[in-house]
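>>> Build the 3D model from these lines:
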Amino acid sequence: QVRLVDSGGGLVQVGGSLRLSCAASGFTLDDYTIGWFRQAPGKEREAVSCINSRGGKTYYPDSVKGRFTISRDNAKNTVYLQMNSLKPEDTAVYYCAFRYLRCSSYPREYNYWGRGTQVTVSS
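Numbering: from 1, shown residues only. Alright, predicted model coming up:
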């Protein structure tokens, strides 16, 4: 059974850090492109990071570049999103998702999603 579990969210102060995890079961995560998205109340879901399959390139929008880092741990079948220097505007529910092709910033192009993990940055 294919399953993605995203976790690691929480409440953090401005300037703090969190590491989100996206753990897979039922398939090998390294065979797929993994994207991290976020959705704040009243806003559309937006891409915050992506990593292509099998050690491929990573991508970040300007809003998080230099603060967020995506990485894989193939032994644990897990992808991480390290988030540093967090800002109040980073507050959202964060989701990981996979797709078969290369990175895309369009949520509709992803095939399977985790349930999300809440990140709240307090000022």
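
>>> alpha carbons only for contacts and neighbour counts from here, please
OK.

>>> show me where the protein has strands.
Ranges of strands in the chain, per DSSP state E, are 3-7, 10-13, 18-25, 33-39, 46-51, 58-59, 68-73, 78-83, 92-99, 112-113, 117-122.

>>> which residues are contacting the fifth one?
The list of residues contacting strand 46-51 from outside it, by CA atoms under 8 Å, 6 or more residues apart in numbering, reads 33-39, 57-61, 63-64, 68-71, 103-107.

>>> Now list the buried members of the residues you listed.
With neighbours counted by 16 or more other CA atoms under 10 Å, the contacts of strand 46-51 contain buried members at 33-39, 58-60, 64, 68-71, 103-105, 107.

>>> ok, back up a step: switch the strands of the chain over to CSV; also include mean pLDDT.
Shown next, in CSV, are the strands of the chain (pLDDT from 0 to 100):
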stretch, mean pLDDT
strand 3-7, 95
strand 10-13, 98
strand 18-25, 96
strand 33-39, 97
strand 46-51, 98
strand 58-59, 96
strand 68-73, 96
strand 78-83, 97
strand 92-99, 97
strand 112-113, 95
strand 117-122, 98
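
>>> Do I have it right that Arg54 meets Ser71?
No. Arg54 is beyond contact range of Ser71, at 11.2 Å (criterion: CA atoms under 8 Å).

>>> Okay, and the beta partners of the closest residue to Gly114 other than its chain neighbours?
Excluding the flanking residues, the one nearest Gly114 by CA to CA, 6 or more residues apart in numbering is Leu4, at 4.8 Å. Beta-bridge partners recorded for Leu4 (DSSP bridges): Ala24.

>>> Next one: Leu4 from Leu11, what distance?
Per CA to CA, to the nearest Å, Leu4 is found 22 Å from Leu11.

>>> So which of the two has more stuff around it?
Comparing Leu4 with Leu11 by other CA atoms under 10 Å, the one with more neighbours is Leu4, at 23 against 14.

>>> And for Ala97, the neighbour number?
The number of residues packed near Ala97 is 24, by other CA under 10 Å.

>>> got the contact list for it?
For Ala97, the contact set (CA under 8 Å, 6+ apart) comprises 4, 34-37, 110-114.

>>> Many thanks, I have nothing further to ask.
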